[in-house]
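Chemist: Here is a sequence together with a model predicted from it:
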Amino acid sequence: MTFSQSDTFHGAFVEDFNDATSQYFRSGSTGTKADFKYKQGLKSDSEEGTTILSFKIDPQDSAGAGRGPEIISRQFTHFGTYATRLKVPKVRDVQPNVGAVVGYFTYHVDSIPGLSEIDFEWLLADPTVIYVGTWTGQPGDLKRVGRTINMAKGIIYNTIYREDKTGVRMNLSDEQNQPDTLVAIEGYDASADFYTYGFDWYADRIRWWMIHPVTNEKIVLWDYQGTTRGIPQHRTRYRMNFWHTKDWSVETNPLSKEKPLHPYELEVDWMSYEPF
């Protein structure tokens, strides 16, 4: 993949969201009341001494990724290490069937190579479940490699390759399915505390990980390698969003598609990027 001389790429950075505006990110929401939904430089209500980026979902927004609060990197990013520390909204006791998604990801569509996306996602109806994976290909012919896990129970629900256009769906194995078991993190709940998550994006490998809250050990959630299929090769933009889904329910609750009833809050401590 070649890039134009006019393209600009981020160098290494850590955005701690201590200031009212960011030199690295801009608002990307296509929904309404953007000022209400996206604010940084606020004090966390969950953790004393922590300054956050606050995303509040607007219950009046329609369903769809990008309709809720979103930030997008001002410049492109590419191969490197991406990391964040965040706490997703705690809503299961208030609205157990809520249909809402927190996305920590990269995303950009170029005309010839198509989509470049790598993601972490949490559905608020069960914040013990984590979705990781990629999307590549042209709109209308997208391809997915993904893994769904429950870190509170140490369960890998699936590790798959799929094609939306053809309906092909296959379980991955060998190097594309490592580790093939996970040890549970006792009490893991992405809505109960701040956790650090990240991924390392290489041309021939992507490794998703998180930091154990007690031991500070790096826990590898999925080390996808042995093929370049499903690994984006071209530029992207670095993002975070929070949105309502009416079509996608969490693995453990098929009823979780309800419109959010309240302005639930996502708290982001920091986001970082270090290019290779």
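Modeler: Arrived safely. Here the structure is a predicted model, which is why all the values come from computation and not from measurement.

Chemist: Just the helices from this protein, written as ranges.
Modeler: 34-37 (DSSP state H).

Chemist: measure the most centrally placed residue in the chain to residue 89 for me?
Modeler: Geometric centre of the chain, nearest residue: residue 104, 2.4 Å, by CA atoms, centre = their mean. Distance, residue 104 to residue 89, using CB to CB, to the nearest Å: 14 Å. C-betas here are computed from N, CA, C, even on glycine.

Chemist: follow-up on the earlier one: just grab the bridge partners of the residue nearest to the centre of the chain for me.
Modeler: On the basis of DSSP bridges, residue 104 is bridged to residue 120, residue 240.

Chemist: correct me, but it touches residue 242?
Modeler: No - Residue 104 lies out of contact with residue 242 (CB atoms under 8 Å); the separation is 10.1 Å.

Chemist: about what we covered before: quick one: residues contacting the residue nearest to the centre of the chain.
Modeler: For residue 104, the contact set (CB atoms under 8 Å, 6 or more residues apart in numbering) comprises 84, 86, 119, 120, 121, 197, 239, 240.

Chemist: Ok, residue 235 next?
Modeler: Here residue 235 is in contact with 1, 3, 7, 9, 76, 77, 78, 108, 110, 116 (CB under 8 Å, 6+ apart).

Chemist: Recalculate using a threshold of 7 Å.
Modeler: 3, 7, 76, 78, 108, 116 (CB atoms under 7 Å, 6 or more residues apart in numbering).

Chemist: which of these lies closest to residue 59?
Modeler: residue 108 (29.4 Å; CB to CB).

Chemist: wait, what's in contact with that closest one?
Modeler: Neighbours of residue 108 in contact, by CB under 7 Å, 6+ apart: 116, 235, 236, 237.

Chemist: Which pLDDT value does the model give it?
Modeler: At residue 108, the model reports a pLDDT of 97.

Chemist: From residue 256, how far off is the residue lying closest to it once chain neighbours are set aside?
Modeler: Nearest residue to residue 108 in three dimensions, chain neighbours excluded: residue 236, at 4.2 Å (CB to CB, 6 or more residues apart in numbering). Going from residue 236 to residue 256 by CB to CB gives 29 Å.
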